[in-house]
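>>> I would like the atomic coordinates for the input below:
(one chain, ligands or ions: 2)
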Amino acid sequence: MDTTALSKKIKEKTLELGFYACGITDCAPINSTVTHAYQTYLQEERNADMNYLNNYLSLRFNPQQLVPQAKSIIVVLASYYNNTAFFPPQNRYHLARYAWGQDYHKVIKQRLKTLQQYIVQLVPDSINRYFVDTAPVMEKHLAERAGLGWIGKNTLLVNQHGSYHFIATLFTSAVLTYDQPALSKHPCASCSLCQQACPSQALRNFGMDARKCFAYQSIENHHDIDEDFNSNTHYIYGCDECQKACPFNHNAAPAAIKEFDTNPLLLDITDEQWENIHQEDFDRIFATSAVKRIGFQKMKSNIQYAANRLYRKNNHFIQ
Ligand code: SF4
Ligand code: SF4
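Ligands and ions are numbered 1, 2, ... in the order given. Sure thing, here's the model as predicted:
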């Protein structure tokens, strides 16, 4: 089978598996503008205490080193956008949308395993490895290179269907047809809605300061959120404000993977129940969710932080 036909069959298979877009790129190094920006980000300590981002820079910048036999990188996008009215107006506490369904690591890995098996059927001696947040892979930049969108001022991969998607990669020794980045004029050039929407001014130019980002504070920061951290937020896990503000998300691709449907246990929880949540509730509600990774104590602490902010706000301590 020629590379064009093979690439087409693989892309068709990814759609069948529930991904909404697939692009293919080569294994060339990440371009120097990107690697320079990444190193500046680390030097300025905008990665907060996510020290793992300092590791394996050579692998991160040179995908070929990660899988030496690879000839192509298949990049897939899985939408997690669904229209469930998760938070009725009387509820105050929010979770980032990506956490409404099941843990994407497991869900996407299952599908990539199927894709890997399919590629082996087509190319029996091929070597294939897939990654879902499990290796130093610069997914957003590989996705951009594979024609799947651009890096927005919210620092996420954005395309005509917005940014409510997970990105995953499969490196293969199969020789495929590469896609090209599509942009001429950057769609974010005359827009800054995401930056304006950020409650804690974490976004600057095309960069992010994790120390100021509530998503970092509520998930990656293993300590309690400092009461001085200034975020007028109703979130207790993650944050979607910069995504909600993005006009491209008005045309979000609906999630085709049923495991990303909203967990029904989340639908009826009142604020009072969140505030009185017990370990058993946490374990039951988040049994199949990525949220369980932060642990019960961190969730309690996040709820306390949000409760304090709301209380102070409602009493006019916060303008
Ligand atoms: S996730 Fe929230 S806090 Fe972080 S940059 Fe976006 S809007 Fe700001
Ligand atoms: S809100 Fe505007 S600037 Fe931000 S990512 Fe979307 S299009 Fe780009």
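
>>> Distance across stretch 76-96, terminal residue to terminal residue?
21 Å (Cα to Cα, to the nearest Å).

>>> mean confidence score for that stretch?
Mean pLDDT, computed over stretch 76-96, is 78.

>>> Do you have the strands of the chain handy? List them.
Listed from the start of the chain, the chain has strands (DSSP state E) covering 21-25, 72-79, 94-95, 128-131, 150-151, 157-158, 165-172, 203-204, 207-208, 235-237.

>>> partners of the fifth one in the sheet?
Sheet pairing of strand 150-151 (DSSP bridges) gives strand 157-158 (antiparallel).

>>> Kindly report the same for the first one.
The sheet places strand 21-25 alongside strand 72-79 (antiparallel), with pairing taken from DSSP bridges.

>>> Kindly report the same for the last one.
Taking DSSP bridges as the criterion, strand 235-237 sits next to strand 94-95 (parallel) in its sheet.

>>> The strand it pairs with near ligand 1 anywhere?
No. Strand 94-95 does not reach ligand 1 (Cβ under 6 Å from any ligand atom); its nearest approach is 10.8 Å. Where you see a C-beta, it was placed from the backbone N, CA and C, and this is true even at glycine.

>>> Can you tell me what sits against that strand?
86-87, 233-238, 240, 266, 291 (Cβ atoms under 8 Å, 6 or more residues apart in numbering).

>>> K8: which of these is nearest?
D240 (34.6 Å; Cβ to Cβ).

>>> can you count the residues close to the closest one?
Number of residues near D240 (other Cβ atoms under 10 Å) recorded here: 20.

>>> which one is the residue in the stretch 201-319 of the chain that ligand 2 sits nearest to nearest to, not counting chain neighbours?
Relative to ligand 2, the nearest point of the stretch 201-319 of the chain is C246 (3.3 Å; Cβ to the nearest ligand atom). Residue nearest to C246 in three dimensions, not counting chain neighbours: C194, with 5.5 Å by Cβ to Cβ, 6 or more residues apart in numbering.

>>> what does N31 give?
H141 (7.8 Å).

>>> for that neighbour, what are its contacts?
Counted by Cβ under 8 Å, 6+ apart, H141 has contacts 30-31, 34, 151.

>>> Give me the buried entries from those.
Neighbour-count burial (16 or more other Cβ atoms under 10 Å) applied to those gives 30, 34, 151.

>>> wouldn't the last one be in contact with K140 here?
What that stands for is I151. Yes. Using Cβ atoms under 8 Å as the test, I151 is close enough to K140 to be in contact (5.7 Å).

>>> Okay, whichever residue of the stretch 1-150 of the chain sits closest to ligand 1 and Q39: tell me how far apart.
Distances between the stretch 1-150 of the chain and ligand 1 by Cβ to the nearest ligand atom are smallest at A96, namely 7.6 Å. Distance of A96 to Q39, given as Cβ to Cβ, to the nearest Å: 28 Å.

>>> Which of those two has more residues huddled nearby?
A96 (22 against 13).

>>> give me every residue that touches the more buried one.
Residues near A96 by Cβ under 8 Å, 6+ apart: 215, 235, 237-240.

>>> How many residues are close by the residue nearest to C246?
24.

>>> same thing with the one 5 residues further on?
Counted by other Cβ under 10 Å, the residues lying close to P199 total 17.

>>> Likewise for E227?
Using other Cβ under 10 Å, E227 has 11 other residues around it.

>>> measure it to N308 for me?
In terms of Cβ to Cβ, E227 sits 7 Å off from N308.

>>> about what we covered before: could you check the pLDDT of the residue of the stretch 201-319 of the chain closest to ligand 2?
97.

>>> possible to save the buried ones among the contacts of H141 as JSON lines with distance to I108?
Formatted as JSON lines, these follow (distance: Cβ to Cβ, whole Å):
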{"residue": "I30", "distance to I108": "22"}
{"residue": "V34", "distance to I108": "24"}
{"residue": "I151", "distance to I108": "21"}
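
>>> and N47, what is it in contact with?
Residues in contact with N47 (Cβ under 8 Å, 6+ apart) are 41, 53-54, 210.

>>> out of the residues you listed, who has the most neighbours?
Busiest of these [other Cβ under 10 Å] is A210, holding 20 neighbours.

>>> Show me where this protein has its helices.
With helices called from DSSP state H, the chain shows them at 3-16, 32-43, 57-61, 63-66, 104-122, 139-145, 193-197, 214-215, 241-244, 264-267, 271-275, 279-285, 296-314.

>>> can you redo those as CSV with distance to ligand 2?
Shown next, in CSV, are the helices of the chain (distance: least, Cβ to the nearest ligand atom, whole Å):
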stretch, distance to ligand 2
helix 3-16, 25
helix 32-43, 16
helix 57-61, 23
helix 63-66, 25
helix 104-122, 21
helix 139-145, 12
helix 193-197, 3
helix 214-215, 15
helix 241-244, 7
helix 264-267, 27
helix 271-275, 29
helix 279-285, 31
helix 296-314, 24
